[in-house]
Structure formats: C-alpha cells, structure tokens
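Novice: Would you be able to build a 3D model of this:
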Amino acid sequence: MLRDRLNEELKVAVRAKDHRALSTIRLILAALKDRDICARGRGETVEDADILLMLQSMIKQRRDSIAMYEQGCRMDLAQQEQEELDIIQAFLPHQLDASEIDSAVDSVIGEIAAKGLKDMGRVMATLRARYAGQMDFGKASAIAKARLA
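Specialist: Numbers count the residues shown, from 1 in each chain. Now for the predicted structure:
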C-alpha cells in the first residue's frame with residue numbers, strides 16, 4: 001500500500017537526515033491527512049488511486065513552479081522544486097510515454113465505442129480508472145479530444 005510506503009520512506013529520511021526528502025514526504029503526508037479528513041466527512045476512504053492522483057497534482061504544481069522560478073532567474077528555488085519533484089516521482093509507478101498514452105486512448109475509445117466529444121467523459125473516466133498514476137491525463141485528454149472531434 002502506498003500509504004505504508006510513504007511512512008517507511010519518512011523513517012528512512014529521518015535516519016539518513018535527508019532534510020529535503022523529509023520535508024517533501026511530510027508535505028505529502030499532510031496533504032494525504034487533509035484528504036483523509038475530507039473523505040471521512042463524506043463516509044469515504046482515500047484509496048491508492050486517489051493518492052496517485054494527488055501525487056500527480058503535486059508534480060504538476062512543482063513543474064509550474066520550476067517554470068516560474070526559471071523565468072524569474074531564481075535558479076536556487078527552481079533547483080529546490082526539482083529536488084522535491086524527483087522525490088515525489090519516486091512514489092509513482094512507471095509513467096507511460098507519448099506512444100503508450102496514444103495507444104491506451106485508442107484502445108479505450110474502441111472498447112467503449114466512443115463516437116464523438118459527448119463520449120469524452122466516459123473515455124477519461126475509463127483511462128483514470130485503469131491508468132491512475134501512470135499517465136499525464138492532460139496529454140491523454142488532448143489526444144482523446146483530437147480523436148473524438
């Protein structure tokens with residue numbers, strides 16, 4: 001379970017006195033705890049797929065920050081964000097490349113017999129269920145939209 005792995009890596013970071021990993025994993029666990037509290041209020045639980053989506057969101061935030069810091073000539077902060085990004089990515093499964101995303105989108109479109117843009121939601125829901133944490137859904141959405149248009 002991903003939650004257990006996060007807790008184990010936190011202990012490893014404490015023992016190794018790796019301050020960057022320690023702060024990043026604590027940040028992940030804090031976001032996870034916040035999601036647990038919200039889910040508990042609705043009578044739900046946070047599954048590994050939800051955690052993977054949260055991690056992907058954190059990665060996107062880091063990439064956006066890196067671009068902004070580089071634009072502002074703040075390479076020290078960009079480097080810090082890159083280190084956090086690398087730590088977060090270590091918790092994700094193998095990421096699909098562009099050709100694999102392309103074939104996955106084609107497969108799902110054929111499987112659910114999607115005909116037009118009105119089926120876009122079903123295509124993306126199926127992709128999210130099958131490939132949680134394994135692909136950039138922004139890219140997948142653009143590919144699906146092009147195929148269905």
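Novice: Tell me the pLDDT of Lys33.
Specialist: If you check Lys33, the pLDDT there is 94.
Novice: Once you drop chain neighbours, what's closest to the spatially most central residue of the chain?
Specialist: With distances taken as Cα atoms, centre = their mean, the residue of the chain nearest its centroid is Gln56 (1.4 Å). Of all residues not flanking Gln56 in the chain, Gly133 sits nearest, at 6.4 Å (Cβ to Cβ, 6 or more residues apart in numbering). To be clear about C-beta, it is placed using only N, CA and C from the backbone, and glycine gets the same treatment.
Novice: same thing with Ile25?
Specialist: Leu10 (4.7 Å).
Novice: Could you pull up phi and psi at the residue of the chain positioned farthest from its centre?
Specialist: The centre of the chain is farthest from one residue, Lys115, which by Cα atoms, centre = their mean lies 28.2 Å away. Main-chain dihedrals, Lys115, degrees, to the nearest 10: phi -110, psi -30.
Novice: Kindly report the same for Glu47.
Specialist: phi -90, psi 170.
Novice: Which of the residues in whichever strand or helix holds Ala140 are classified as buried?
Specialist: Under the criterion of DSSP states H and E, Ala140 resides in helix 137-148. By neighbour count with 16 or more other Cβ atoms under 10 Å, helix 137-148 contains the buried residues 137, 140, 143-144, 147-148.
Novice: Quick one: residues in contact with it.
Specialist: 56, 60, 98, 101-102, 104-106, 108-109, 114-117, 119-120, 123-124, 127-128, 131 (Cβ atoms under 8 Å, 6 or more residues apart in numbering).
Novice: hey, C-alpha coordinates of the one helix or strand Leu55 maps to in PDB?
Specialist: Element membership for Leu55, per DSSP H and E: helix 48-71. C-alpha atoms of helix 48-71 as PDB (Å, rounded to 0.1, in the frame of the first residue of the first chain):
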ATOM      1  CA  ASP A  48      -4.200   4.300  -3.600                       C
ATOM      2  CA  ALA A  49      -5.600   5.600  -6.900                       C
ATOM      3  CA  ASP A  50      -6.600   8.800  -5.100                       C
ATOM      4  CA  ILE A  51      -3.200   9.100  -3.600                       C
ATOM      5  CA  LEU A  52      -1.600   8.700  -7.000                       C
ATOM      6  CA  LEU A  53      -3.800  11.400  -8.500                       C
ATOM      7  CA  MET A  54      -2.800  13.700  -5.500                       C
ATOM      8  CA  LEU A  55       0.900  13.000  -6.300                       C
ATOM      9  CA  GLN A  56       0.400  13.800  -9.900                       C
ATOM     10  CA  SER A  57      -1.200  17.100  -8.900                       C
ATOM     11  CA  MET A  58       1.800  17.900  -6.700                       C
ATOM     12  CA  ILE A  59       4.100  17.100  -9.600                       C
ATOM     13  CA  LYS A  60       2.200  19.500 -11.900                       C
ATOM     14  CA  GLN A  61       2.500  22.200  -9.200                       C
ATOM     15  CA  ARG A  62       6.200  21.700  -9.000                       C
ATOM     16  CA  ARG A  63       6.700  21.800 -12.800                       C
ATOM     17  CA  ASP A  64       4.700  25.100 -12.900                       C
ATOM     18  CA  SER A  65       6.800  26.500 -10.100                       C
ATOM     19  CA  ILE A  66      10.000  25.500 -11.800                       C
ATOM     20  CA  ALA A  67       9.000  27.300 -14.900                       C
ATOM     21  CA  MET A  68       8.100  30.400 -12.900                       C
ATOM     22  CA  TYR A  69      11.300  30.400 -11.000                       C
ATOM     23  CA  GLU A  70      13.400  29.900 -14.100                       C
ATOM     24  CA  GLN A  71      11.500  32.800 -15.700                       C
END
